[in-house]
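Colleague: from the sequence below, what's the structure:
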Amino acid sequence: MVKVKDVCRHVRSKQAGPFWVTFDFFFDGAQNFDRYAESQALGPPLFARLFGTDPALLKKFPVKSLNVLKISCPRAQPQGGIVERDLHSGQQFARLLDIDLD
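Modeller: Residues are numbered from 1 along each chain as shown. Prediction:
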């Protein structure tokens, strides 16, 4: 099975305001971008399961000229809350690296 870490040269996550997180998938070429950017494996059910977000609010932004897929979703808890463990959401991407894409 092909995993995210096999076809992306870089994956990152970051805050997109106090209520949203953005994930950036930098595919290692146009062929892998074309094949996996619209994969159902990177769809709303995955983000609901991993991050406790509302799947209906997931937003996808494919940037073909850069071979990048941006996915934004609401945070389960607002930034800076009492249970916050990753204030800038910089470590959230790690759970996505081993996701099977096929």
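Colleague: tell me the contacts of the nearest residue to residue 58 once chain neighbours are set aside?
Modeller: Leaving aside its sequence neighbours, residue 58 sits nearest to residue 44 (C-beta to C-beta, 6 or more residues apart in numbering; 4.5 Å). (Each C-beta comes from the backbone N, C-alpha and C, glycine too.) Residue 44 is in contact with 55, 56, 58, counting by C-beta atoms under 8 Å, 6 or more residues apart in numbering.
Colleague: local confidence estimate at residue 44?
Modeller: In this model, residue 44 is scored at 96, pLDDT.
Colleague: for residue 12, phi and psi?
Modeller: Backbone torsions for residue 12, taken as degrees, to the nearest 10, come to phi -140, psi 160.
Colleague: measure it to residue 56 for me?
Modeller: Per C-beta to C-beta, to the nearest Å, residue 12 is found 24 Å from residue 56.
Colleague: same drill for those two, tell me which one is more crowded.
Modeller: Here residue 12 and residue 56 are compared on neighbour count by other C-beta atoms under 10 Å; more neighbours surround residue 12, at 15 against 8.
Colleague: partners of the closest residue to that one other than its chain neighbours in the sheet?
Modeller: In space, and not counting its chain neighbours, residue 12 is closest to residue 24: 5.0 Å by C-beta to C-beta, 6+ apart. Residue 24 forms beta bridges with residue 12, residue 70, as assigned by DSSP bridges.
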